[in-house]
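**Student:** Fold the following and give me the result.
(one chain, ligands or ions: 1)
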Amino acid sequence: MTIRLKKQVIDILKILQKKSSEVLAIELANELKIDYIVLMSAINDLIEHGLGGFREEEVDQISLNDEGINYMKNGLPERQLLNILLEKNIKEISLGEFLKESKLDENIFYIGISNLKKNRWVSQSKASGKNKIYITAEKFPEMDLEKFLLKFKEKPVIDYSKLSKHELVQLNILNKRKLVKRNHRTERIIGLTDKGKKIEISKIKELEQVSKITPEMLISGSWKNYELKPFDVSKSGPLLKAGKFHPMINLINEIREIFLSMGFTEIRGPIIESAFYNFDALFQPQDHPARELQDTFYLSNPKSARLPERERVLAVKATHENGGDTGSKGWGYEWDENIAKKTLLRPHTTATTMRRLAQFYRNNEKAPVKVFCVDRVFRNEKVDKSHLAEFTQVEGIVIDDNATLCDLIGLLSEFYRKLGFKKIITRPGFFPYTEPSMEVAVFYDKLGEWLEMGGSGIFRPEVTYPWGIKNPTRVLAWGQGLERIAMLYFGRKDIRDLYINPIKWLRSQSY
Ligand code: PHE
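**Tutor:** You can find the predicted model right below:
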């Protein structure tokens, strides 16, 4: 049967055939610059085919410790001391002076002295009255220990088993002087079997790599002829271009989650509105410029809207004409019911909010009421990078006793904080229906400036009194631009991008 091996295994077999003797696994791995584990797995393939093998050997190795290395380089302490005496031609010296002269550690100095005496190179005497060292030898030949120490210069790690008897004696001395380390290891030695040595490389087939095994390969057994390609787990998978929600839908849903988590309920209202709920109920005078055609889309069909219950219409009429029971003087003009009946595409969701106040009145509800609305509005606006003619507002109100502007600031800050915007400011603003009024701005890192997000405030008595909501019950209200929020949220500089649907951007969004 033909033998099939991976290319790398064949290469290793070739090298082993050339070497014709056993090799240390570690050394071969270093030589081939491959991982030890990769080499051993290749050897396993050789073993499987009876071509190679390995055996293990316990090795005892010795090397010098730091102190030993120091002496190997600079000489043993006794040699260092002797050299001082010889260089300065000193025949006798007091022990104290010698210590100073030597600049050695006291410990090492005395080791040196004791060995000098053992070698009979010096003697020590107090005969002169002082503790003195005298040179007593004429020759100071290289000691066996010194020769042995130098062996480590060529080979820092020496196999214990290769030491001669004589060297073992020296090792023993080094050991006693605590200058060596011993290290025990298991080494693998790899080699070829007779079959491996004789086999002709050209007769071996290379194992082909495949990335998957098919049922056919399993049935025919041919899978044995292939090697599975290893997986690269660091590679990312293919891009999935599956259908998903539009990022704006995801954002709206997140906004819903936030308001719901803050105890709000969602409301909706008609896109086709009456001027009554859109303007009149909001105490916007009938000659107010915002009502004009250049801002608002009026409808010719349906031409006219039904007004709510008569007495409420009259209450609203009174606020405009003389302030009604609010204590205000009103606008002081004659209110025209037909203007209030006009139909339009709502330019703000505050009309829907207004309908909720009417409902509060009709159902005789009690505070607190917390509602929000995310819905479409229309304005006769020139489209540019920060304006759309058709956009979405994030509107809301809180009807509560003793509600304050601080509550409103807290609420809006909390909302933006939950969306991930930390830097928000509120500043004075103006709307016909709120007093005081506030504008909300959020810092936009991409442009390095504050982006106007919308308006807010406390509804005026002229707005709430006709619906029975009177001090100290107050209505906190706000209307923010969803697309403005989206620009910040998605980091887009052009508001139109949100609806032009750049495909690259859509694909980069999460599900
Ligand atoms: N209706 C205002 C707008 O469209 C926003 C607003 C809502 C302001 C509620 C104050 C209170 O800009």
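**Student:** The residue of the stretch 301-450 of the chain found nearest the ligand: neighbouring residues, count only.
**Tutor:** As assessed by C-beta to the nearest ligand atom, the ligand sits closest to His348 within the stretch 301-450 of the chain, at 3.5 Å. In short, each C-beta sits where N, CA and C put it, glycine included. When neighbours are counted by other C-beta atoms under 10 Å, His348 registers 24.
**Student:** Let me see the backbone angles for it.
**Tutor:** Phi and psi for His348, reported as degrees, to the nearest 10, are phi -160, psi 160.
**Student:** hang on, isn't it packed against Glu273?
**Tutor:** No. Look at His348 against Glu273 with C-beta atoms under 8 Å: they stay out of range, at 9.4 Å.
**Student:** sorry, back to before: tell me the contacts of the residue of the stretch 301-450 of the chain closest to the ligand?
**Tutor:** Asn278, Val377, Gln393, Glu395, Gly479 (C-beta atoms under 8 Å, 6 or more residues apart in numbering).
**Student:** and the last one, that one's in a helix?
**Tutor:** Think Gly479. No. With DSSP: H, G, I helix; E, B strand; the rest coil as the criterion, Gly479 is located in strand rather than a helix.
**Student:** Pretty sure it sits against Met453.
**Tutor:** No. At 9.7 Å, Gly479 does not count as touching Met453 under the criterion of C-beta under 8 Å.
**Student:** Tell me where the stretch 251-400 of the chain is predicted with low confidence.
**Tutor:** Scanning the stretch 251-400 of the chain for pLDDT under 70 picks out 293.
**Student:** So which residues of it form helices?
**Tutor:** Taking DSSP state H, counting those that start in this stretch, the helices of the stretch 251-400 of the chain run over residues 275-278, 310-321, 337-340, 350-362.
**Student:** buried residues in the last one?
**Tutor:** Think helix 350-362. Thr350, Ala351, Thr352, Thr353, Met354, Arg355, Arg356, Leu357, Ala358, Phe360, Tyr361 (16 or more other C-beta atoms under 10 Å).
**Student:** cool, and the first one?
**Tutor:** Within helix 275-278, the residues that qualify as buried are Ala275, Phe276, Tyr277, Asn278, counting by 16+ other C-beta under 10 Å.
**Student:** How about the second one?
**Tutor:** Neighbour-count burial for helix 310-321, counted by 16+ other C-beta under 10 Å, picks out Arg312, Val313, Ala315, Val316, Lys317, Ala318, Thr319, His320.
**Student:** ok, back up a step: a markdown table please, covering the helices of the stretch 251-400 of the chain and showing distance to Ile249.
**Tutor:** What follows is the helices of the stretch 251-400 of the chain, written out as a markdown table (distance: least, C-beta to C-beta, whole Å):
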| stretch | distance to Ile249 |
| --- | --- |
| helix 275-278 | 26 |
| helix 310-321 | 36 |
| helix 337-340 | 35 |
| helix 350-362 | 20 |
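**Student:** Distance to the ligand for these - can I get that in CSV?
**Tutor:** Listed next are those as CSV, based on distance: least, C-beta to the nearest ligand atom, whole Å:
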stretch, distance to the ligand
helix 275-278, 10
helix 310-321, 17
helix 337-340, 18
helix 350-362, 4
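**Student:** what's whichever residue of the stretch 151-300 of the chain sits closest to the ligand in contact with, if anything?
**Tutor:** When distances are taken as C-beta to the nearest ligand atom, the stretch 151-300 of the chain reaches nearest to the ligand at Leu282, 8.2 Å away. Residues counted as contacts of Leu282 (C-beta under 8 Å, 6+ apart) are Thr350, Ala351, Met354, Pro432, Tyr433, Val463.
**Student:** Repeat that for Gly479.
**Tutor:** Taking C-beta under 8 Å, 6+ apart, one finds His348, Thr349, Thr350, Gln393, Val394, Glu395, Gly454, Gly455, Ser456 in contact with Gly479.
**Student:** out of those, who has the most neighbours?
**Tutor:** Thr350 (30 neighbours).
**Student:** tell me which parts of this protein are close to the ligand?
**Tutor:** Neighbours of the ligand within the chain, by C-beta under 6 Å from any ligand atom: His348, Thr350, Phe431, Thr434, Gly454, Gly455, Ser456, Gly457, Ala477, Trp478, Gly479.
**Student:** Distance to Lys224 added to the residues you listed, as a markdown table?
**Tutor:** Formatted as a markdown table, the residues of the chain next to the ligand follow (distance: C-beta to C-beta, whole Å):
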| residue | distance to Lys224 |
| --- | --- |
| His348 | 74 |
| Thr350 | 76 |
| Phe431 | 81 |
| Thr434 | 81 |
| Gly454 | 71 |
| Gly455 | 76 |
| Ser456 | 75 |
| Gly457 | 80 |
| Ala477 | 77 |
| Trp478 | 72 |
| Gly479 | 72 |
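**Student:** Phe264: which of those is nearest?
**Tutor:** Trp478 (11.8 Å; C-beta to C-beta).
**Student:** pLDDT score assigned to that closest one?
**Tutor:** For Trp478, the pLDDT comes out at 98.
**Student:** Start the count at 27 instead of 1 going forward.
**Tutor:** Done: numbering now begins at 27, and the last item shifts to Trp504.
**Student:** Would you quantify the distance from the closest residue to it other than its chain neighbours to Thr460?
**Tutor:** Spatial nearest neighbour of Trp504, chain neighbours left out: Ser482 (3.5 Å); criterion: C-beta to C-beta, 6 or more residues apart in numbering. Using C-beta to C-beta, to the nearest Å, Ser482 is found at 7 Å from Thr460.
**Student:** intersection of neighbour lists for those two?
**Tutor:** Ala503.
**Student:** quick revisit: could you check how far the residue of the stretch 327-476 of the chain closest to the ligand is from Ile284?
**Tutor:** From His374 to Ile284 the distance is 21 Å (C-beta to C-beta).
**Student:** and the residue of the stretch 77-226 of the chain nearest the ligand?
**Tutor:** For the stretch 77-226 of the chain, C-beta to the nearest ligand atom, closest residue to the ligand: Asp92, 78.5 Å.
**Student:** Tell me how many other residues crowd that residue.
**Tutor:** Quick note: Asp92 (other C-beta under 10 Å) scores 8 neighbours.
**Student:** Quick check: pLDDT value at it.
**Tutor:** At Asp92, pLDDT is 94.
**Student:** Which stretches in the stretch 177-326 of the chain count as strands?
**Tutor:** 184-185, 206-218, 231-232, 234-236, 252-254, 291-292, 298-300 (DSSP state E, counting those that start in this stretch).
**Student:** between those, which gets nearest to Asp131?
**Tutor:** Smallest distance to Asp131 across the strands of the stretch 177-326 of the chain (C-beta to C-beta): 19.8 Å, for strand 206-218.
**Student:** Paired strands for the closest one, with orientation please.
**Tutor:** Paired neighbours of strand 206-218 in the sheet (DSSP bridges): strand 49-50 (antiparallel), strand 78-90 (antiparallel).
**Student:** Export those to CSV and append columns for mean neighbour count and distance to Gly155.
**Tutor:** Listed next are the strands paired with strand 206-218 as CSV, based on neighbours: other C-beta atoms under 10 Å; distance: least, C-beta to C-beta, whole Å:
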stretch, mean neighbour count, distance to Gly155
strand 49-50, 16, 64
strand 78-90, 15, 42
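**Student:** Out of those, which is closest to Trp147?
**Tutor:** Short answer: strand 78-90, nearest of those by C-beta to C-beta, at 24.0 Å.
**Student:** how about whichever helix or strand comes after the closest one: buried residues?
**Tutor:** As assigned by DSSP states H and E, the chain's next helix or strand after strand 78-90 is helix 92-100. Using 16+ other C-beta under 10 Å as the test for burial, helix 92-100 gives Gly94, Ile95, Tyr97, Met98.
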